[in-house]
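Asks: could you work out the structure for the sequence below:
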Amino acid sequence: MHYKKLNNLLGWLCFGIAAITYILTLEQSVSFWDCGEFIACAFRLQISHQPGYPMFAMLGKVFSLLSMGDNAKVAFYTNLMSALASAATIMFLFWTITALAKKLMLKKVEKLDSNHTWMIMAAGLVGALAFTFTDTFWFSAVETIVFAMSSLCTAIVFWAILKWDAHADEADADKYIVLIAYIIGLSIGIHLLNLLTIPAIVMVYFFRRHKKVNVKSALVAFTMSIAILAFVQFGVRGYTIHIAAYFDLFFVNTLGMGFGTGAFVFFALLIGAIVYGLFYSIRKAKPILNLALLCLAFIYFGYSSFAYIPIRATANTNLNNSHPDNAFTLYGYLNRIQYGETPLLNGPFYDAKVVDQSEGSPIYRKGKTNYEVTGKRMNYTYDHTTLLPRIWSTESDANYAQNVQFYKNFLGIAEGQAPTFSDNLKYLFNWQIYQMYVRYFLWNFVGRYNDADGQQNPSGIDGNWTSGIFDGSKHLPKSVTGSVTYTPLYAIPFLLGLIGMVYHFRNKRRDALVIALLFFFTGIAIVLYVNQDNLQPRERDYSYVVSFYAFAIWIGLGVIALIEFTRRWLTVRMATIGSFAICLVVPVLIAAKEWKSHDRSTKLTAHDMAYNFLISCPKDAILFTYGDNDTYSLWYDQEVEGIRPDVRIVCLSLFSSDWYVHQMQGKMNQSDPLPITMDFSKYKDGTRDVIYYNDAKLAGAVEVKDVFDFITSDDSRTKVEYSNGEMSNYLPTKNFKLTIDADAVMKNGVVTPEQKDRIAKAMEWTYNGNYMTKDNLAILDILTHNNWKRPICFTTTMSNQSMAGLAPYLYKEGFTYRLLPFKPDTAQHDDYNNNKINSLVMYHNVMTKFKYGNYKKAKYLDNISTMQFYDVMENTFFNLANGLIQDGHPDMALNALHKFDAEMPDINPDIDTASKKYLLAETAYRLHDAVLGKRYIKSVDNYITDQLDYNYTLLDKQEQGLDIRTVQISMSLLNAMVDTSKIYQDKELHGQLVAKLKDYSNKFSPLMQSR
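Replies: Below you'll find the model as predicted:
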């Protein structure tokens, strides 16, 4: 068969295999993390979090239309978009490998024969199919996330530059360069990762066009590639909008024209300048200038997808992050200003102190008729700085204390000891590069213990890599080896990739250097640029998927290396067949090991957990959320499937922004505006950003309304003057009171008639912070003016700190706490962790309304399902059962335990969930269900026995990785289970547990005595 036809056919075969794989394992609905937001924003063309993904949203909208009006299917079809994009990436990877392999062959022979053709095809198949089944790429391929589409853009541009390389001597070859520019422009509207291909692309162009290639000229070309990358990233993407903003400022504030006029004029001038330049380059016969301007024009064509952002922001969509309806806000939105700046080449250590500060450029916001100055950026001078700051943080950072403690713990820096540059480099190499990149790389090509988060413990099992070769001697716990997430690859893909890399450098050094640049810039360079300062909310392996893509190219070329080696003893045909058969083990092995941990076709946990949050709320409730996984999936359920449109979801992590508070003052879906009475002028940027506590020595608790009126007053008597001369409001007391109108409470159905006697005359609580931000201010406004007309709820996954001290009056009604004006139970501490419940309401919600995400039958449960929401489920049922017992409903309590047993799998993902399982067992015994109690006791016993046996081998051999916390909790659980089995007279079980407790007490006595 002709080379071109065979190459195309096998490329499409790779697409077919990948597409079938991803569709068979596709998540059927929404996934955790950003997916819910992305789907909701695509479906209704809304504005997602910074820096915006407009092209992705528009493509998602197209795929959502395949649902044909069945909104419950929207997520499936947007997930399908990722699956098909990922399959297309595999196809382009195949063609990329074959293009590079062909260049290798043509260096040795003048013309390809059928044997060489099949060698090339074998390389493409093994490399492409191996990458198809890799952990990180597969994860993004089956959910609605930007990395699948971003990978496709990367695959296309890298394939296109190789296509150009093959046809560079033809008259129209530069069309591939223009195509690359356009795809790069489009990809900015998907994700910025694609820009990191620019250095590799420039070097391909340089090696092909430059006549005298030497070290000096190569370094010049490399420097130019970095300059082009910087120009596109900061010039085209950033400063285009920045300059447009200042044009608009002049036209609006100086010339008195309407908003957007100056930006329109600027873009007209920009387009005119590019068009003029193109005509000039043609007229003066300057082909290089013409190509450069064409590329710039097509980058802008692609980048123009960002016009979507201000257009849709102006339409006031429900999800409208930052409300970027003007050039200044759009510039801040694109540059993620709300996340703060990260020092890269020079900056302070975490112990550096500010010794001087000066005002920088003004900060503008859109006013009623012109742009207003809301403040000025501050420039700080520190008492000491360092090159390449890695262990950095400043006292103004929200997570400063957490950052510093992490640095000290990870590096072993004692209290009072100053960090050194050596510590800085140790952190760079040991945590940022090894723990947050190399570990991910090894997951994909060497193997992995499990999918638990393993950021902070390089020596532990959780989240760590393993080849599996030596695991037989490690006495690994069954919780690891028996899990579907235990995926040892025996380092075979890694070794084949190394062989391919060495072979490539030996035989085609320039091409190998290009792949190395792609590998570096999409891996280590990202690590250096992002400069992560602490534990991340989740593992970040998806950020480096293109780096793994580059390594897969070498896996493919490793096949040719093996063929070349074996042909010393075999014919070319036999060497090709034999080597291909041997190397095909790599994709088959990866697929066999990874399939079970990527088959999400039966999992619905993200959708149903979000449903449970919403369904737990009374009608017209205000639901405060905080984290990604108790917000984004809710947005999907509500915005796409229309579940509980009467509930107003308020994300507290956004509520400190003026645009979000303002948004909450408007109607959304079937939810009326929130009772926030403040005028925008009271809380706009630069106004009451922070209100500090300044004790006014007020006696007793103060009415919330009086506190609210005081801190929102513009009267100078309600303000204090700070050292810089600024007058600001202050919080005079932390002791708040809300007098209860019992008639309003009863009229609005907040409590049942049977609960009327429990209504307090006033709610009194202590605010749990030393300052207030806009979110706290808005909550006070709501409490002051709601008058119990709308239920106020908080998600149960929220921290106590986020609840403004209201914990004494929060009662569980399912997956939410509801604010109820009951008299506090003086027998309990005023802490939401005591899990007070409104038992009958909660019972009705959990037993008749809840959905359970196919928890028990799902082939695979991701780590958020097992480590977070399984724990939430255990807590929910334990609290419900015990609350019902306390309220005199033991039969209902037992029904609740049986419901948990019927719907939830009997698993123990970690020691904390095992602890909750014991509490459920003890409750079952109390309710006289010894069968269920004993089964759960044995489940916990099996788990902790497994953990203790493993940890004892580490203790005995004095190896790293000993999990002291798990050992301690396990011993406590053993003690508790001994007592439980004795109390409920299970003699056989009691005897077994006593013997086990004695045995482990002896084994771990050195550890316990040393603590």
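Asks: helices of the stretch 201-350 of the chain, residue ranges please.
Replies: Secondary structure of the stretch 201-350 of the chain (DSSP state H, counting those that start in this stretch): helices at 215-230, 240-249, 261-283, 287-303, 308-314, 327-334.
Asks: typed the wrong thing, it's the stretch 451-600 of the chain
Replies: Using DSSP H, counting those that start in this stretch, helices in the stretch 451-600 of the chain cover 478-481, 492-507, 509-521, 524-530, 545-566, 572-583, 585-594.
Asks: looking at those, which is closest to residue 953?
Replies: For residue 953, the closest of these is helix 478-481, at 13.0 Å, according to Cβ to Cβ. (Glycine included, C-beta is placed from N, CA and C.)
Asks: residues in contact with the closest one?
Replies: With Cβ atoms under 8 Å, 6 or more residues apart in numbering as the test, helix 478-481 has contacts from 449, 450, 461, 471, 486, 908, 943, 946, 947.
Asks: ok, and the closest non-adjacent residue to the fifth one?
Replies: Taking Cβ to Cβ, 6 or more residues apart in numbering as the measure, residue 486 lies nearest to residue 480, with 5.5 Å between them; neighbours along the chain are not counted.
Asks: and for that neighbour, the neighbour number?
Replies: Neighbours of residue 480 under the rule other Cβ atoms under 10 Å: 19.
Asks: any chance of the contacts of helix 478-481 in TSV, with distance to residue 1001 and pLDDT too?
Replies: Formatted as TSV, those follow (distance: Cβ to Cβ, whole Å; pLDDT from 0 to 100):
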residue	distance to residue 1001	pLDDT
449	28	96
450	29	95
461	24	91
471	29	90
486	30	96
908	22	95
943	18	96
946	18	95
947	15	95
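Asks: could you tell me which residues make contact with the closest residue to residue 856 other than its chain neighbours?
Replies: The shortest distance from residue 856 to any residue other than its chain neighbours is 4.9 Å, reached at residue 905 (Cβ to Cβ, 6+ apart). Residue 905 makes contacts with 855, 856, 861, as judged by Cβ under 8 Å, 6+ apart.
Asks: how about residue 905, secondary structure?
Replies: Secondary structure of residue 905, reduced to three states by DSSP: H, G, I helix; E, B strand; the rest coil: coil.
Asks: tell me which residues of the lengthiest helix in the chain come out buried.
Replies: The longest helix of the chain (DSSP state H) is helix 74-108. By neighbour count with 16 or more other Cβ atoms under 10 Å, helix 74-108 contains the buried residues 74-105.
Asks: the helix or strand following that helix packs against which elements?
Replies: Following the chain from helix 74-108 toward its C-terminal end, the next helix or strand by DSSP states H and E is helix 114-132. Under the contact criterion of 3 or more Cβ pairs under 8 Å, 6 or more residues apart in numbering; DSSP states H and E, helix 114-132 touches helix 3-24, helix 74-108, helix 492-507, helix 545-566, helix 572-583, helix 585-594.
Asks: what's the burial count for residue 482?
Replies: Neighbourhood size, residue 482 [other Cβ under 10 Å]: 10.
Asks: likewise residue 416?
Replies: 6.
Asks: which pLDDT value belongs to it?
Replies: Note for residue 416: predicted pLDDT of 85.
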